[in-house]
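A.B. asks: quick one, fold the following:
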Amino acid sequence: MLTKNIIVTTSVKTSDELIEIAKNHALNLELDFYYRNKKTIKELLSSFDGLVVIYKNKISYFEDNSELFFHLDTTALKLKNNDNEPLTELIPQSSSVLDCTMGLASDSILLSYYGNKVTALEKNKIIHYIVSDGLRNYIASDNKILSAMRSITTHNIDCLEYLKKCEDNSFDIIYFDPMFSHNIKESMNLSGIETLADYNFPTEVFLEEARRVAKNKIIVKAHFRDNIFEKYNFKRIIRKNTKFHYGFIDFND
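C.D. replies: Purely as a prediction, here's the structure:
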């Protein structure tokens, strides 16, 4: 698999301070820094596969016609409307939860908000970097959401590799959204993440390890057309008028 040619740069309106900050981000990401020189995103993408752009208040990743950045749009709306989804009903408060597919951390924030201790894993380095930076630095007007974001522990690691290092019964709950292709195409909340997503999720081997590490439940979120529920004996929670369903394996049944 060829490595993408990705660089770090600043917003067009920049400063010496922002350039130094961007250079530090480039070092952290082990990518080259490139002076913006007032070039447009489109012009830069004619020379590079992807751009990590450092703004004053956010970090964005551009590739093709998409932009990935940390935001709270749908998560904040769910919390504001008390739309807890079955996910929070499936998990008793004060559980230790391992979110194996962090992505934009929407589910991690939701779970943390309702009083769970959340550890989130993200295999892709750029997604992990941007989202972790957002969890640490994004300013939310709701202090409880802010506290939920700040208390999430994140790791840039393949979830299977992480699980193999865990002792038996290390977490109360293991949660994963394997992000099959139709999930990406049909979820506006995942806009921008598809260019970096890994579609090859090792479900069978993953579940072998997850069964060992999870004390109480394994929970999956997947498109309602997916056969993952039936194939791996998840009890499906039917959600009318929604494209994504939850399934769970309960070890205490």
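A.B. asks: and the residue nearest the centre of this structure?
C.D. replies: In the chain, the C-alpha nearest the mean C-alpha coordinate belongs to residue 103, at 1.5 Å (CA atoms, centre = their mean).
A.B. asks: wasn't that one part of a helix?
C.D. replies: No: assigned with DSSP: H, G, I helix; E, B strand; the rest coil, residue 103 falls outside any helix and is coil.
A.B. asks: distance check, it against residue 17.
C.D. replies: Residue 103 is 31 Å from residue 17, where distance means CB to CB, to the nearest Å. Quick note: C-beta positions are derived from backbone N, CA and C, even for glycine.
A.B. asks: kindly report the same for residue 223.
C.D. replies: 45 Å.
A.B. asks: what's the answer for residue 174, then?
C.D. replies: 42 Å.
A.B. asks: the more surrounded of the two?
C.D. replies: Higher neighbour count among residue 174 and residue 17: residue 174, with 29 against 9, using other CB atoms under 10 Å.
A.B. asks: strands paired with the helix or strand where the more buried one lies, and their directions?
C.D. replies: According to DSSP states H and E, residue 174 maps onto strand 171-176. Strand 171-176 has the following strand partners under DSSP bridges: strand 96-99 (parallel), strand 214-223 (parallel).
A.B. asks: let's see the shortest one as PDB, backbone CA atoms only.
C.D. replies: So that's strand 96-99. The C-alpha coordinates for strand 96-99 follow below in PDB (Å, rounded to 0.1, in the frame of the first residue of the first chain):
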ATOM      1  CA  SER A  96     -15.500   1.200  32.000                       C
ATOM      2  CA  VAL A  97     -16.000   1.300  28.200                       C
ATOM      3  CA  LEU A  98     -13.500   0.600  25.500                       C
ATOM      4  CA  ASP A  99     -14.500   2.400  22.300                       C
END
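A.B. asks: what mean pLDDT does it have?
C.D. replies: Averaged over strand 96-99, pLDDT sits at 98.
A.B. asks: would you mark the buried spots in that strand?
C.D. replies: Neighbour-count burial for strand 96-99 flags 97, 98, 99 (criterion: 16 or more other CB atoms under 10 Å).
A.B. asks: rebuild those as JSON lines, extending it with distance to residue 211.
C.D. replies: Output for the buried residues of strand 96-99, formatted as JSON lines (distance: CB to CB, whole Å):
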{"residue": "97", "distance to residue 211": "16"}
{"residue": "98", "distance to residue 211": "13"}
{"residue": "99", "distance to residue 211": "17"}
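A.B. asks: among these, find me the one that's closest to residue 202.
C.D. replies: Distance to residue 202 across the buried residues of strand 96-99 (CB to CB) is lowest for residue 98, with 16.1 Å.
A.B. asks: now that closest one: how far from residue 112?
C.D. replies: Residue 98 sits 13 Å away from residue 112, taking CB to CB as the criterion.
A.B. asks: repeat that for residue 3.
C.D. replies: To residue 112, residue 3 is 33 Å away according to CB to CB.
A.B. asks: also residue 217?
C.D. replies: Distance, residue 217 to residue 112, by CB to CB: 17 Å.
A.B. asks: and residue 248, by the same measure?
C.D. replies: To residue 112, residue 248 is 19 Å away according to CB to CB.
A.B. asks: next up, the contacts around residue 122.
C.D. replies: Shown in contact with residue 122 (CB atoms under 8 Å, 6 or more residues apart in numbering): 101, 102, 103, 128, 131, 132, 154, 155, 156, 157.
A.B. asks: what is the neighbour count of residue 239?
C.D. replies: Counted with other CB under 10 Å, residue 239 comes out at 13.
A.B. asks: oh sorry, the question was meant for residue 249
C.D. replies: Residues near residue 249, counting by other CB under 10 Å: 19.
A.B. asks: what pLDDT does it get?
C.D. replies: So residue 249 comes in at 97 (pLDDT).
A.B. asks: look at it and give its secondary structure.
C.D. replies: Under three-state DSSP, residue 249 falls in the strand class.
A.B. asks: that one pairs with what?
C.D. replies: Applying DSSP bridges, one finds that residue 249 bridges with residue 218.
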